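1. below are the sequence and a predicted model for it; my questions follow.
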Amino acid sequence: MSYKQLSDIELINEFNSGKQAAIEFLIKRHKRNIFSYICINVRKRDIAEDIFQDTFIKVIKSLREGKYNDEGKFVSWVIRIAHNLIIDHFRKAKHMPTISDGDYEIDIFNNSRFSEKTREQEIINEQIHGDVRKLIELLPDDQKEVVMLRHFVGMSFKEIAEQTDVSINTALGRMRYAILNLRKLIEEKNLILTNN
């Protein structure tokens, strides 16, 4: 059986019927988005890896206990678990930054040059991404949350609206303001977000 063709809920059903490989495939399918979300919040790879692992330990435990009700929002559910673990991490560390799970659409992230492989370009791209992440941190929490959920997690605006308990129009409005604010910050700081 090819797991590639199966939906998230079909993979969960396979796992619940005793097929361990199904959950491994499901984790692999969503690893990049979930891990990116955790990384952008904690900024330390080793901590992000621990939280990612803890997230999926909780996911597997919840699935085994039948606590997941499918509404077509598996990724949103996993993000909520990760978000709570991130908050727990900062509470334990007694230094609670503003955490949000935001999202944005801005052309600088869709630059095809980001996929090129030379080390020099990788270094430049890392710098650009670092600059962008710093700018995102300057956004109001509600805008930052939309940007992170949209870009780093890949959620639709409908999913973002459900995740953040707002209307789709509110989520879209927050994105629009986030983009305007990011453009203003880029101009103010005279940043060049290209590797040309």
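-> Perfect, thanks for sending it. Numbering: from 1, shown residues only.

2. C-alpha only now, for contacts and for neighbours.
-> OK.

3. what's the mean pLDDT across the strand or helix carrying residue 135?
-> Per DSSP states H and E: residue 135 is located in helix 119-137. What helix 119-137 shows for mean pLDDT is 69.

4. now swap in stretch 69-80 and tell me
-> So the average pLDDT for stretch 69-80 ends up being 80.

5. begin at 549 from here
-> Sure thing, new numbering starts at 549, so read that last one as stretch 617-628.

6. pull out the buried residues from it.
-> For stretch 617-628, a neighbour-count test (16 or more other C-alpha atoms under 10 Å) marks 621, 622, 623, 624, 625, 626, 627 as buried.

7. quick check: the farthest pair among those residues?
-> Checked with C-alpha to C-alpha, the buried residues of stretch 617-628 reach their widest spread between 621 and 627, with 10.0 Å between them.

8. could you dump the buried residues of stretch 617-628 into JSON lines and include secondary structure and distance to residue 585?
-> Below are the buried residues of stretch 617-628 laid out as JSON lines (DSSP: H, G, I helix; E, B strand; the rest coil; distance: C-alpha to C-alpha, whole Å):
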{"residue": "621", "secondary structure": "coil", "distance to residue 585": "16"}
{"residue": "622", "secondary structure": "helix", "distance to residue 585": "15"}
{"residue": "623", "secondary structure": "helix", "distance to residue 585": "11"}
{"residue": "624", "secondary structure": "helix", "distance to residue 585": "11"}
{"residue": "625", "secondary structure": "helix", "distance to residue 585": "13"}
{"residue": "626", "secondary structure": "helix", "distance to residue 585": "11"}
{"residue": "627", "secondary structure": "helix", "distance to residue 585": "8"}
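
9. and the longest helix along the chain, what other elements does it pack with?
-> Ranked by residue count under DSSP state H, the longest helix found in the chain is helix 568-590. If contacts are counted by 3 or more C-alpha pairs under 8 Å, 6 or more residues apart in numbering; DSSP states H and E, helix 568-590 sits against helix 556-564, helix 593-612, helix 622-640.
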